[in-house]
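**Q** Fold the following.
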Amino acid sequence: MNNVKSNELKLCMIGAGEHAGRNVYPSFAFIHGANVVANCDLNVERARALARQCGIEHTYADYREMLEKHKPDGVLICVGPDFHAKVSMELMRAGYHVYTEKPPAVSYEQAKQVVAVSRETGKICMTGLKKRFAPAYRKAKEILDNPENGQPEIMSFIRTENNMKNTDDPKTQFLLDACVHPIDLCNYFFGKVKSLYASHKEPATYAISLKHRNGAVSTMTLTDRINGPRRYEEVTIVTDKSTIVQVHGSIDMLAFREGAPIGAYRPDFAMGRSHSIVEQGFSGEIQEFIDAIRENRQPVSHIEQSSHAPQIYEAIKKSIETGQTVFLEED
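**A** The predicted structure is shown next:
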């Protein structure tokens, strides 16, 4: 049974689907300073089973009933992008801080609506862009943020995925769902995108060239044509001071300047000192949400930052449709 300490925040969880059950609920064991007191899902039995596994005392079918009874400090939402946007706006207006899984919305226009509500209410709206919280990527960001290592020059990003259905359901779309991570990391490492050109091979293979507002360039090579148990993800970043940073598989990082090593990160799975939930960034993003509420500040990957991902997504689609370079509007 959960006994919430007086100094701990109360959280409620909306959603008990496959992704939530595999990655979000297990993260609760790694957070501190907060307690998940209730969860809900239309599939009440599945929600109840996950609650038992995680020591969550209360389960509901109706999220409004859950929130009315528990009055949490923050709400975690993991259902789908359209639900993320609509419910996050509803809950911010009701006085709650919210965290949603990615993507934050189904369109850039919808994401801007969420931004407006966050500004209007003063409530946190954070998007769970896990790779910003993966230790290997965070270490890479520290190196790139050090002026001694130079300014961004070029980045290449390769990402593969199992065959996805790519139907009208946003959760089945490779570019919107799985590719939100490379799209966001290009923004995270090199800053906002000025323009891009995209090539496409049906059904879901993309080659994208991006020009950032700071003058740096990046490329994304994305495909869901790799079946099997393994995915491939490789990032290489070069600066104007001969610094090279490489991240492999989202968990290994190596960095060199003028050929000399300046940084490295590798988890220790062999000795059981590392956990995939931590290394992939799942627990880190939820902890950041908790810390931001406590410290009354905007979290990393708050909605004003994460809304740029749907903007890039729509620009990619437009470039494919028109065969032209697309210039992104400045916010």
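
**Q** so Gly228 sits in a strand?
**A** No: Gly228 is assigned coil when assessed by DSSP: H, G, I helix; E, B strand; the rest coil, not a strand.

**Q** Kindly confirm whether my reading is correct that it touches Asn162.
**A** Yes: Gly228 is in contact with Asn162 according to C-beta atoms under 8 Å; the separation is 7.5 Å. Any C-beta I mention is one placed from the backbone N, CA and C, and that applies to glycine too.

**Q** residues touching the residue sitting nearest the centre point of the chain, list them.
**A** Geometric centre of the chain, nearest residue: Leu129, 1.0 Å, by C-alpha atoms, centre = their mean. Residues in contact with Leu129 (C-beta atoms under 8 Å, 6 or more residues apart in numbering) are 102, 180-181, 184, 188, 285, 301, 306, 309.

**Q** Model confidence for it, exactly?
**A** As predicted, Leu129 sits at a pLDDT of 96.

**Q** Then Asn3?
**A** Value listed for Asn3 in the pLDDT field: 51.

**Q** do the same with the one 4 residues further on
**A** Each residue has a pLDDT score; the one for Asn7 is 80.

**Q** How about Thr239?
**A** 98.

**Q** Check the gap between it and Arg48 for me.
**A** Distance, Thr239 to Arg48, by C-beta to C-beta, to the nearest Å: 51 Å.

**Q** circling back: compare Gly228 and Asn162 (neighbour count), which wins?
**A** Asn162 (14 against 7; other C-beta atoms under 10 Å).

**Q** quick one: that one and Arg225, what's the gap?
**A** For Asn162 relative to Arg225 (C-beta to C-beta), the value is 9 Å.

**Q** cool, Gly55 as well?
**A** Taking C-beta to C-beta, one finds Gly55 at 41 Å from Arg225.

**Q** same deal with Met13?
**A** 34 Å.

**Q** Could you do Ser306 as well?
**A** Going from Ser306 to Arg225 by C-beta to C-beta gives 27 Å.

**Q** what does Glu57 give?
**A** Computed with C-beta to C-beta, the distance linking Glu57 and Arg225 is 44 Å.

**Q** Over to Leu210?
**A** Distance, Leu210 to Arg225, by C-beta to C-beta: 22 Å.

**Q** same check, this time on Glu233
**A** Between Glu233 and Arg225 the distance is 15 Å, computed by C-beta to C-beta.
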